[in-house]
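J.: Pasting the sequence and the predicted model now:
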Amino acid sequence: MSESAKEPRWERRKQDRPQELLAAGLALFVERGYAATRLEDVAARAGVSKGTLYLYFENKESLFKSVVRANMLPLVDEAEDMVERHTGHSADLLRELILSWWGAVEHSGLVGISKLMMAEAGNFPELAQFYQAEVISRCDAVMVRMLERGAARGEFRSVDAEQMKKVIVAPILMLMLWSQSFGPCSIPPLDPQAYLASLIDLCLHGLLKPEHKPAQQQPD
């Protein structure tokens, strides 16, 4: 019999409580938003008392930050590692970054975190600053490194990476928001894979054929 099997059931349950509270917090934050989520409801969803929740989290802000760190930061870590270890063409790296990110968040509550932050950032600026520092800034840096890598290897045109990262990320954010709002009832139904394939195609090829590029307009 394994050591874990010998442990009393309540002992193993106690060890699971932080993860259960984080899962309940993620579900309720996404369902109700930050302002409407109450700690007693999180505790009830996790099957513990509100007092037990306070053994692990000081307040709602602490719980929310822990939810983000536990769920979002591993994905950012993975994206950073992906850029560092990639040895192939930068086009493949761009494709892998976009598709792997969506694959990780599509069927999880993480899609709703972005919607929550955009909806409530103005009401909770301290949370917006936290999310900017720990999630957005790192995601932006990943995209910049990918673009600069491609340019340095002669695989991408030299562009303003700081601006281009926003152009690439914006449609991904739109897909996350759309999937949480009009996507389920849109006609025809939203196809995330087709959407992302079009985004990747546009990023890599643009719209103009090389032989049909317009002459540059001379400044007045």
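T.: Yep, it's here.

J.: from here on, contacts and neighbour counts on C-alpha atoms
T.: Fine.

J.: Give me the neighbour count for Val42.
T.: Val42 has 26 neighbours, counted by other CA atoms under 10 Å.

J.: hang on, it packs against Leu21?
T.: Yes: using CA atoms under 8 Å, Val42 is in contact with Leu21, at 6.8 Å.

J.: Using the record's assignment, carve the protein into domains.
T.: 3-67, 72-206 (automatic domain parsing).

J.: So which helix or strand of this protein has the lowest pLDDT on average?
T.: Between all helices and strands in the chain, the lowest mean by mean pLDDT, DSSP states H and E belongs to helix 3-6, at a mean of 48.

J.: Show residues contacting stretch 165-182.
T.: Outside stretch 165-182, the residues that touch it by CA atoms under 8 Å, 6 or more residues apart in numbering are 111-112, 114-115, 140, 143-144, 147, 190, 192, 196, 199, 203.

J.: one more time with 6 Å
T.: Under the contact criterion CA atoms under 6 Å, 6 or more residues apart in numbering, stretch 165-182 has outside partners Val111, Lys115, Met143.

J.: Buried residues of that stretch, list them for me.
T.: For stretch 165-182, the neighbour count (16 or more other CA atoms under 10 Å) marks Lys165, Ile168, Ile172, Leu175, Met176, Leu177, Trp178, Ser179, Gln180 as buried.
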